[in-house]
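Participant: quick check, what structure comes out for this input:
(chains A and B)
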Amino acid sequence: GENVEQHPSTLSVQEGDSAVIKCTYSDSASNYFPWYKQELGKRPQLIIDIRSNVGEKKDQRIAVTLNKTAKHFSLHITETQPEDSAVYFCAGTDGQNFVFGPGTRLSVLP
Amino acid sequence: NAGVTQTPKFQVLKTGQSMTLQCAQDMNHEYMSWYRQDPGMGLRLIHYSVGAGITDQGEVPNGYNVSRSTTEDFPLRLLSAAPSQTSVYFCASSYSNSYEQYFGPGTRLTVT
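Facilitator: From the prediction side, this is the model:
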């Protein structure tokens, strides 16, 4: 089945700097890669996703890149703000289910 | 649309008690799933369903049962609660496993 690894587990950046979170997956058949943001005590919410036929996708300060050959995808957040502080989860699919990475706790320091 | 709803929000059980966590969605999604999230951990799949009448096990199914008699509802039953089942439970739905999953607000369960 699919295995998704995520690094780093914690990340601290200064406000205004960029943050990058990387995930690797094992199942070459995975074709959909979402990123979720979870604030403390809240539900996970989708912030961006990418399909296997696309190499990069951007939405304002957030971008995701996918390298199918290397089986990894990354979340890029530019001009970080305090409200970006949260836990971020990546996910892949194993044909039937979503498989989530263990999460990255991002802290944006003022 | 209400999206994905879950009840109750909080629950305290004694060891050995049983209960049902309710989940409903009004988006006509075929795919529904239950996850548990332990402190500082990611989301682990308990059970999932790809449509009414079809359910299957996820990564951590022991101690839980599910059924899917309608497209809208996907209840999770704890058969005999154990302290190891203390967790936050999220229900989620989507059109399929290749589309955005929408999560419910979660149920915080404590088993004493």
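Participant: check what pLDDT B:Asn62 gets.
Facilitator: On pLDDT, B:Asn62 comes in at 96.
Participant: counting neighbours, what do you get for it?
Facilitator: Close neighbours of B:Asn62, defined as other C-beta atoms under 10 Å in any protein chain shown, add up to 10. Every C-beta, even on glycine, is put in place using the N, C-alpha and C of the backbone.
Participant: tell me the SS of it?
Facilitator: On the three-state scheme (DSSP: H, G, I helix; E, B strand; the rest coil), B:Asn62 is labelled coil.
Participant: how close does it sit to B:Arg36?
Facilitator: Note on B:Asn62: its distance to B:Arg36, by C-beta to C-beta, to the nearest Å, is 12 Å.
Participant: just A:Val99 next, same as before
Facilitator: On the measure of C-beta to C-beta, A:Val99 and B:Arg36 end up 15 Å apart.
Participant: the helix or strand bottoming out on mean pLDDT in chain A close to chain B?
Facilitator: Every helix and strand in chain A was compared by mean pLDDT, DSSP states H and E; the lowest is strand A:98-100, with a mean of 92. Yes. Using C-beta under 8 Å from any C-beta of the partner chain, strand A:98-100 comes into contact with chain B via A:Phe98, A:Val99, A:Phe100.
Participant: what strands line up against that strand, and which way round?
Facilitator: strand A:86-93 (antiparallel) (DSSP bridges).
Participant: list, one by one, the residues from chain B near chain A.
Facilitator: B:33, B:41-45, B:48, B:50, B:56, B:58, B:90, B:97-101, B:103-106.
Participant: mind listing the strands for chain A?
Facilitator: Assigned strands in chain A, in chain order: A:4-7, A:10-14, A:19-25, A:32-38, A:45-51, A:56-59, A:62-67, A:72-77, A:86-93, A:98-100, A:104-109 (criterion: DSSP state E).
Participant: kindly compare burial across the ones you listed and name the winner.
Facilitator: Most buried of the strands of chain A, by mean neighbour count (mean count of other C-beta atoms under 10 Å in any protein chain shown): strand A:98-100, with a mean of 26.
Participant: which residues are contacting it?
Facilitator: Strand A:98-100 has contacts (C-beta atoms under 8 Å, 6 or more residues apart in numbering or on different chains) with A:1-4, A:25, A:34, A:36, A:89-93, B:33, B:42-45, B:97, B:101.
Participant: run through the bridge partners of A:Arg105.
Facilitator: Using DSSP bridges, the bridge partners assigned to A:Arg105 are A:Thr10, A:Val87.
Participant: does it touch A:Leu11 like I think?
Facilitator: Yes. In terms of C-beta atoms under 8 Å, A:Arg105 counts as a neighbour of A:Leu11; the distance is 7.2 Å.
Participant: show me what from chain A comes close to chain B.
Facilitator: Residues of chain A lying near chain B (C-beta under 8 Å from any C-beta): A:31-32, A:34, A:43-46, A:49, A:51, A:89, A:93, A:95-103.
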